[in-house]
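> Sequence first, then the predicted structure:
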Amino acid sequence: MQEIINIFVKSIFIDNMVFAYFLGMCSYLAVSKTVNTSVGLGIAVIFVLGITVPVDYLLNEYLLADGALVWLDPSFADVDLSFLSFIMFIAVIASMVQLVEMIIEKFSPALYSSLGIFLPLIAVNCAILGGSLFMQEREYQSIAEATSFGLGSGVGWFIAIVGIAAIREKIRYSNVPAPLRGLGITFIITGLMGMAFMMFMGIQL
């Protein structure tokens with residue numbers, strides 16, 4: 001249980017998808033103009049990561065990894081389908097994003113309209129695919145650890161986009177130099193936030 005909590009906390013603060021690896025920056029920059037839309041997209045990312053990472057973990061463990069098919073027959077012990085990881089992971093991600101899109105369109109048309117093209121683009125958000133690939137690379141020992149990592153990564157991305165959205169709403173009333181207005185000041189603030197999150201690397205878990 002302690003290890004699961006450690007993975008969850010580390011994926012939020014230490015291995016934050018935005019501030020540690022700068023993944024998912026396109027949606028992060030484009031949708032973070034208002035807090036409301038950022039919250040909606042952030043929740044969608046949490047849901048997609050929380051589902052796709054454990055599903056991809058099961059695919060990797062029982063289908064794709066070297067010798068994973070041994071449960072079918074001992075003669076498959078030498079079969080390695082890891083070269084299919086990318087296409088299988090992306091297929092799972094696309095399916096989950098389609099489900100999220102349908103749910104949001106049904107229950108929150110206003111949010112669906114405000115997110116626009118960036119909602120289906122979650123399917124090609126590198127933070128989503130990165131979550132599954134990091135899970136595969138780190139060789140988590142159980143689906144609970146994979147789920148903890150997926151949810152933590154989603155929460156970390158949620159905190160990042162909501163945080164920058166709140167700051168961007170405030171700086172509209174600030175006297176920002178003309179050349180830095182818009183994405184310029186956003187990049188600077190993102191860099192400062194990334195440096196701030198680096199302080200969490202000192203946490204002993």
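In hand now; what should we look at?
> can you give me the helices for this structure?
Assigned by DSSP state H, the helices in the chain fall at 2-9, 25-31, 35-59, 85-107, 109-115, 126-138, 143-171, 183-197.
> where does the fourth one sit relative to the chain's centre, distance-wise?
Using C-alpha atoms, centre = their mean, to the nearest Å, the distance from the centre of helix 85-107 to the centre of the chain it belongs to is 13 Å.
> tell me what it is packed against?
helix 35-59, helix 109-115, helix 126-138 (3 or more C-beta pairs under 8 Å, 6 or more residues apart in numbering; DSSP states H and E). Just so you know, the C-beta spots here come from the backbone N, C-alpha and C atoms, and that holds for glycine as well.
> pLDDT of that helix, averaged?
Mean per-residue pLDDT for helix 85-107: 89.
> Quick one: residues in contact with it.
For helix 85-107, contacts defined as C-beta atoms under 8 Å, 6 or more residues apart in numbering pick out 40, 44, 47-48, 51-52, 55-56, 59-60, 63-64, 111-112, 115, 119-120, 122-123, 128-129, 132-133, 136.
> Where does pLDDT dip in this protein?
Low-confidence segments of the chain (pLDDT under 70): 202-205.
> Now for residue 45: which residues touch it?
Residue 45 neighbours (C-beta under 8 Å, 6+ apart): 24, 122, 125, 127, 128, 154, 157, 158.
> now the last one, nearest residue through space, not along the chain?
So the one you mean is residue 158. In space, and not counting its chain neighbours, residue 158 is closest to residue 42: 3.4 Å by C-beta to C-beta, 6 or more residues apart in numbering.
> and what of the first one?
Nearest residue to residue 24, sequence neighbours excluded (C-beta to C-beta, 6+ apart): residue 127, at 3.1 Å.
> now the one you found: how far from residue 16?
10 Å (C-beta to C-beta, to the nearest Å).
> Now the common contact residues for those two.
residue 157.
> Export the contacts of residue 45 as TSV, with columns for neighbour count.
Formatted as TSV, those follow (neighbours: other C-beta atoms under 10 Å):
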residue	neighbour count
24	24
122	25
125	25
127	26
128	31
154	28
157	29
158	21
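> Contacts for stretch 1-14, please.
In contact with stretch 1-14 (C-beta under 8 Å, 6+ apart) are residues 20, 140, 144-145, 148-149, 151-153, 155-156, 159, 197, 200-201, 203, 205.
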